[in-house]
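Trainee: Below are the sequence and a predicted model for it; my questions follow.
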Amino acid sequence: MIFINSKKYGSSVQHYKKVNGDTSYSITYKDEYNKLKRLKIGDKSMGITEAFCNQKRIEVLNSLRLGEEAPILATRKRKVIITLNEIADIYFKQREVYVKDNVRSCQKYATKSKKEIW
């Protein structure tokens, strides 16, 4: 799948031809972590045009700049971030079944994890 940049809007609006002859449009923008994101807007058969995609991109950028969440981004699910402490809690709870002296290991982890790692 090769994305083709728009001639009018550059790399911010991209499209590609599907096998069935339809054109699919997507936009690119950088999020708050300066990471390049690509968001699919829709197909040409649904009435989506390059101008409409550019307008949606402007809405997304304005919402990111102002700190509010755009409606198009709110529908996306956020990833669940699992911390090391959560994994350690699960590990030590499962380990209690097999090892009787689990308290010492938990205490060692607690003292070591409190130190800041730089």
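Mentor: Good, I have the coordinates. Residues are numbered from 1 along each chain as shown.

Trainee: Could you pull up the residues touching the nearest residue to E96 once chain neighbours are set aside?
Mentor: Residue nearest to E96 in three dimensions, not counting chain neighbours: N102, with 5.0 Å by Cβ to Cβ, 6 or more residues apart in numbering. Yep, even glycine has a C-beta here, placed from its N, CA and C like the rest. Shown in contact with N102 (Cβ atoms under 8 Å, 6 or more residues apart in numbering): 92, 95-96.

Trainee: buried set for stretch 100-111?
Mentor: For stretch 100-111, the buried set under the neighbour-count rule, 16 or more other Cβ atoms under 10 Å, comprises 102, 106, 109.

Trainee: Please flag which of those residues sit within strands.
Mentor: Counting by DSSP state E, no part of the buried residues of stretch 100-111 is found in strands.

Trainee: Redo the residues you listed as JSON lines? Include pLDDT and distance to Y29.
Mentor: Output for the buried residues of stretch 100-111, formatted as JSON lines (pLDDT from 0 to 100; distance: Cβ to Cβ, whole Å):
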{"residue": "N102", "pLDDT": "81", "distance to Y29": "48"}
{"residue": "C106", "pLDDT": "85", "distance to Y29": "45"}
{"residue": "Y109", "pLDDT": "85", "distance to Y29": "41"}
